[in-house]
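**Q** Pasting the sequence and the predicted model now:
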Amino acid sequence: MQPQTHFALFDEGSKKEIRRAILKAVAIPGYQVPFASREMPIARGWGTGGLQITLSIIGKQDVLKVIDQGADESVNAVNIKKLVHKTTGVATTIETSEATIIQSRHRIPEVPLTEKQIMVLQVPIPEPLRWVEPSEYKTKKLHAENDYSGAWLLLFEQIMKYGKTATNADHPVLVHDRYVMAPSPIPRFDNAKMHQSDSLILLGAGREKKIYAVPPYTNVTSLAFEDHPFEVESFDGKHCHLCHATNVFMDELVNQETGEAYYQCNDTSYCLANLNEQGREVEVEVEHAR
């Protein structure tokens, strides 16, 4: 006989402990809550924090979507989806609007999320002050004292060196006018999607053993100086070469024959949905997926 596995892999005691950490994180927006990160059948650094959150909150009626850098078809996304499905039997989808739980690495979908959805982000480094202070004890003290001069200094040094902030991803944000938070390595383009979001956003770092959250309808502001306002990646004048979408985050690709650059929606399911609406069938390249 095969040994019986628990629903969603974890025993109920483990799921309750992680849910308690989630509840505390929701109650204190942007605050990093320590939790007993479990051993997982995937390596740390491959999304164990987000996966532990998903396995602890998922129910039999949920519909799961997993994306990796905008793609549903990448190795990481496919295998996480298979693991959750195998241990729960829940339905899976690539349609953002159909999902009740969306687990993601490096992106927030282009389709606006709703109050009936939960966004779970995988986080490698949850501490926004880690680049200026290696001591965990000291960063906790700085958060308690509301001292974020180190984060501001880092941005100031970038402006002095490059003439602008050089955070291509994971640009720090101020949550609920209190905690400075690492939004996970999402592009700057996605930071605004956290502000006053209809959905609950949960962030998990398995290797660092931290869970934090942005509750619905919470103010989230990207750190910026008055004379150097926050700017997102610009795609002005660009459009997806497949679905012709504009005002979305796109990948720059290169035609191997001509050497010319062209653009494509980073969110592959969004691109496919647009193509279906247009009655067109085209194979979408997943150049950005790993």
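**A** Received the coordinates, thanks. All of these numbers come straight from a predicted model, not from anything done at the bench.

**Q** Find the nearest non-adjacent residue to residue 179, please.
**A** residue 30 (3.3 Å; C-beta to C-beta, 6 or more residues apart in numbering). Just so you know, the C-beta spots here come from the backbone N, C-alpha and C atoms, and that holds for glycine as well.

**Q** so the one you found makes contact with residue 182?
**A** No. Using C-beta atoms under 8 Å, residue 30 makes no contact with residue 182, being 9.6 Å away.

**Q** Let me see the ranges of the helices in the stretch 51-200 of the chain.
**A** For the stretch 51-200 of the chain, applying DSSP state H, counting those that start in this stretch gives helices covering 75-88, 136-144, 149-162, 188-191.

**Q** Quickly compare these and say which is most buried.
**A** Greatest average neighbour count among these goes to helix 188-191 (a mean of 21), per mean count of other C-beta atoms under 10 Å.

**Q** tell me the mean pLDDT over the helix or strand that comes right after that helix?
**A** Heading C-terminal from helix 188-191, the first helix or strand you meet, by DSSP states H and E, is strand 200-205. The pLDDT scores in strand 200-205 average 98.

**Q** Past strand 200-205, which element shows up next along the chain?
**A** strand 210-214.

**Q** elements contacting that next one?
**A** If you count contacts as 3 or more C-beta pairs under 8 Å, 6 or more residues apart in numbering; DSSP states H and E, strand 210-214 packs onto helix 12-27, strand 33-34, helix 48-57, strand 200-205.

**Q** what about the residue nearest to residue 179, distance to residue 145?
**A** 15 Å (C-beta to C-beta, to the nearest Å).

**Q** These two: which is more packed in?
**A** residue 30 (25 against 8; other C-beta atoms under 10 Å).

**Q** Return the distance of the more buried one relative to residue 91.
**A** 32 Å.

**Q** Low-confidence regions, this protein specifically.
**A** Within the chain, the stretches with pLDDT under 70 are 1-4, 280-290.

**Q** what residue is smack in the middle of it?
**A** residue 121 (3.5 Å; C-alpha atoms, centre = their mean).

**Q** so that one makes contact with residue 182?
**A** No. Assessed by C-beta under 8 Å, residue 121 is found out of contact with residue 182, at 10.1 Å.

**Q** Please parse this protein into its domains.
**A** 12-222, 234-290 (automatic domain parsing).

**Q** all strands for the stretch 151-290 of the chain, in order.
**A** Shown for the stretch 151-290 of the chain, the strands assigned by DSSP state E, counting those that start in this stretch span residues 173-175, 179-181, 200-205, 210-214, 220-222, 250-254, 261-265.

**Q** Minimum distance to residue 135: which of the ones you listed has it?
**A** strand 210-214 (15.5 Å; C-beta to C-beta).

**Q** Let me know which of the domains of the chain is tucked in deepest.
**A** domain 12-222 (a mean of 19).

**Q** Quick one: end-to-end length of that one, please.
**A** With C-alpha to C-alpha, to the nearest Å as the measure, domain 12-222 spans 37 Å from end to end.

**Q** Ok, stretch 82-99 next?
**A** Taking C-alpha to C-alpha, stretch 82-99 runs 16 Å from one end to the other.

**Q** How about stretch 60-75?
**A** From its first residue to its last, stretch 60-75 covers 25 Å (C-alpha to C-alpha).

**Q** repeat for stretch 127-135
**A** Terminal residues of stretch 127-135 are spaced 11 Å apart (C-alpha to C-alpha).

**Q** One more: stretch 136-150?
**A** Length of stretch 136-150, first residue to last, C-alpha to C-alpha: 14 Å.

**Q** Please tell me how far that stretch is from the chain's geometric centre.
**A** Stretch 136-150 sits 24 Å away from the centroid of its parent chain (C-alpha atoms, centre = their mean, to the nearest Å).
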